[in-house]
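Engineer: have a look; sequence and predicted model below, questions after that.
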2 protein chains.
Amino acid sequence: MVRTKTNPSKGISIKDVARAAGVSISTVSRVINNFTSVKQKHRIKVMEAVKRLKFQPSVSAQRLATGKSNVVALVLPRYEGIFYSFYALELIRGIGTLCSAYKLDLLLHLTDTRSPINLKGVGGIIFADIIGNRHHLEEALAGHIPTVVINNYVEDLEVDCIAIDNEGGAASAVDYLIGLGHKRIAHISGDLVTQAAAERMKGYSLALQKHNITLNQGYIFKTDYSRGQARAAAEKMFSLANPPTAVFVASDSMALEVMAVAREYGKNIPGDFSIVGFDDNPSGLYGPVSLTTVRQPLVKMSQESVKRLNQLISKERTEPEKIKLPTELVIRDSCQPPASFRKG
Amino acid sequence: MVRTKTNPSKGISIKDVARAAGVSISTVSRVINNFTSVKQKHRIKVMEAVKRLKFQPSVSAQRLATGKSNVVALVLPRYEGIFYSFYALELIRGIGTLCSAYKLDLLLHLTDTRSPINLKGVGGIIFADIIGNRHHLEEALAGHIPTVVINNYVEDLEVDCIAIDNEGGAASAVDYLIGLGHKRIAHISGDLVTQAAAERMKGYSLALQKHNITLNQGYIFKTDYSRGQARAAAEKMFSLANPPTAVFVASDSMALEVMAVAREYGKNIPGDFSIVGFDDNPSGLYGPVSLTTVRQPLVKMSQESVKRLNQLISKERTEPEKIKLPTELVIRDSCQPPASFRKG
DNA sequence: GATCCATAGAGAAACGTTTCGAGGCTTTAT
DNA sequence: ATAAAGCCTCGAAACGTTTCTCTATGGATC
């Protein structure tokens, strides 16, 4: 059996519009694509028919015909944890908003280590972090799909990167503590396998160096970013014979845990002990004392990613660009000059 | 000029595979769709060619030919706020995970009040909350697109709903407080325009009624879910001549604010005052005292939504179903029997 | 060995759009 | 008025699949 030419249940096609408006299919196409060379008389007829029949062009057919796709895939690792929630949603929000502004569809791809991605039919890809995704990234690049990476600075690949100045952010935090008069400043680092943690560590030591404070290895505690290890580190830190008067913690969520431990050790914050975090996780606001922290420009980062991806898609630019976005020190209530400094 | 038949830059088509394997296009199609009636010899040849040429079928062409789409749109209002972050990401995570299990693509649609949605070409829609989206929901239903609504129980529309038992959850919270010995129990409600807030309020009053405690209108405080109004309500509450000994707050984020106010009023929690929240927002864990709360089954809800949407898409089911998922009281440290009760 | 049947494969139509080449109609200039 | 020159419009090919129909092939049965 030959399929019926116009299947009414399937929806209205451009053919129906053409018939209704009494023009050819190509004319309808030119009208809906806003081409100029259509007579006003026809244009109006077509637009009327479109409205009357509630015609919506088939995206698949358009893609097939043009070979172009307005779909942007966002590849996001499937972590858990509260900061990740905040972080991920902030990215999604920023990217989603700008995508609709650019009339791009946002396809969300939550990955665990080894889930495959269908690259075909996607107009561009944003990799949010490339942990466990490096493989996919290289594949996308090999397929010449417009791609940008956010929150990671990939040196060795020809790809757009939009990262964060972790080093500078960390340095600004430590600078601030030094400015308050602290000399014995500890650092609780994140997982040094991650670029971010390593850079924050570097910023910490550079800031000390700049102010001629010798780095005390006993003041450095390495963790995996977990609250559990943060707690252990804090307990070790407060048990030191000559404990620090302040700490720069590589994440807010760990900093919150450190705060809790400080309380348990009878340390008053910020009177007895100062803490700076990193991330500007909103939970930092809700404790008994609000946390001074380094803000990551998440929204800016996500918006930049779409903007740049769009340049790539529309071929306004072909050379990859790599940038680091500046952070901002957000001063709240968790720091004070050290007790000795105030007395002296 | 006639376009070149096979454009090498555009990628490999089924035609190339057919030629490479020495079979017809339809045979290749049958192989990649796992149809049975293909001789082993040919099947192997085709699969080899597919692998060698790295053939990936064009999704657009498949969609066009079959009329089916494996894209699921998630329509999510574009709010802000920390709980929303957690909530939204938890939904996205649940939905995204199950979507990849079902081999569905997830299209994310962040809406503000009046952004249009392209319904065409989407295989199904999940509305997460329908605030400001009712219009779109009706449109989808009219277009006979498989649709499910989560976190809202839409009585008057023939659509799948997966909601939460707010009333029962609220009642369990108040029950618990009564069980501890509290009689003077206040309620700080959310925005009563929302279904959730209204149902939580109802659960509160029903629980009191069940235990023959007369409802004191002076103990009910209405807010818009904001921390600001929560603070105002708490201040009013603690200034009452005969203040309550416990409060059930319609959201964790407000409960946290109430806790802060309690501290300012010199009230010890849970010694002097008990608090129960709603949501199981992880921030509730990080304060000086962890918050007892009513957990929403967010992951369950999102998974159910995909499962049911899939039934609709595959026509396993046509009649809409509406369900309410049970909540769970999570007992932590913010409640105790009232002081009077302990002394007596 | 001839007939029949089942089965596998080839070919072609169809999905709904864009876009190209060609022709028709209107306008302008001579 | 006629020819040249532009616009518009139309028809048709093309995008890459799926799927229907028909034919060829192979094996089984008598």
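Structural biologist: Perfect, I can see it now. Numbers count the residues shown, from 1 in each chain, chains lettered A, B, ... in the order given.

Engineer: what's the local residue count around A:N33?
Structural biologist: 11 (other Cβ atoms under 10 Å in any protein chain shown). Using the backbone N, CA and C atoms, a C-beta is placed for each residue, glycine as well.

Engineer: try A:S26
Structural biologist: 11.

Engineer: list the contacts of it.
Structural biologist: For A:S26, the contact set (Cβ atoms under 8 Å, 6 or more residues apart in numbering or on different chains) is empty.

Engineer: quick check: which element contains it?
Structural biologist: helix A:25-32 (DSSP states H and E).

Engineer: so who does A:I14 touch?
Structural biologist: Residues in contact with A:I14, defined by Cβ under 8 Å, 6+ apart, are A:25, A:28-29, A:32, A:55, A:57.

Engineer: next, the angle from the longest helix anywhere in chain A to helix B:82-101.
Structural biologist: Taking DSSP state H as the criterion, chain A has its longest helix at helix A:82-101. Using axes from the mean of the first three to the mean of the last three Cα atoms, to 10 degrees, the direction of helix A:82-101 lies 80 degrees away from that of helix B:82-101.

Engineer: restrict helix A:82-101 to CA atoms and write it as PDB.
Structural biologist: Provided in PDB are the C-alpha atoms of helix A:82-101 (Å, rounded to 0.1, in the frame of the first residue of the first chain):
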ATOM      1  CA  ILE A  82      25.700  20.000  47.400                       C
ATOM      2  CA  PHE A  83      28.200  22.300  46.000                       C
ATOM      3  CA  TYR A  84      28.100  20.400  42.800                       C
ATOM      4  CA  SER A  85      24.300  20.900  42.700                       C
ATOM      5  CA  PHE A  86      24.800  24.600  43.000                       C
ATOM      6  CA  TYR A  87      27.600  24.700  40.600                       C
ATOM      7  CA  ALA A  88      26.000  22.600  38.000                       C
ATOM      8  CA  LEU A  89      22.700  24.300  38.100                       C
ATOM      9  CA  GLU A  90      24.300  27.700  37.900                       C
ATOM     10  CA  LEU A  91      26.100  26.500  34.700                       C
ATOM     11  CA  ILE A  92      22.900  25.000  33.300                       C
ATOM     12  CA  ARG A  93      21.000  28.200  34.100                       C
ATOM     13  CA  GLY A  94      23.600  30.400  32.400                       C
ATOM     14  CA  ILE A  95      24.000  28.200  29.400                       C
ATOM     15  CA  GLY A  96      20.300  27.500  29.100                       C
ATOM     16  CA  THR A  97      19.400  31.200  29.200                       C
ATOM     17  CA  LEU A  98      21.900  32.200  26.500                       C
ATOM     18  CA  CYS A  99      21.000  29.300  24.400                       C
ATOM     19  CA  SER A 100      17.400  30.300  24.100                       C
ATOM     20  CA  ALA A 101      18.600  33.800  23.400                       C
END
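
Engineer: helices or strands up against it?
Structural biologist: strand A:71-77, strand A:105-111, strand A:124-128, helix A:252-264, helix A:298-313, helix B:82-101, strand B:105-111 (3 or more Cβ pairs under 8 Å, 6 or more residues apart in numbering or on different chains; DSSP states H and E).

Engineer: just name the most buried of those.
Structural biologist: Burial of the helices and strands packed on helix A:82-101 is given as mean neighbour count (mean count of other Cβ atoms under 10 Å in any protein chain shown); strand A:124-128 ranks first at a mean of 26.

Engineer: counting by contacts, list what the helix or strand that it is followed by packs against.
Structural biologist: Sequence-wise, the next helix or strand downstream of strand A:124-128 (DSSP H and E) is helix A:134-142. Applying 3+ Cβ pairs under 8 Å, 6+ apart, we find helix A:134-142 packed against strand A:124-128, strand A:147-150.

Engineer: no further questions, thank you.
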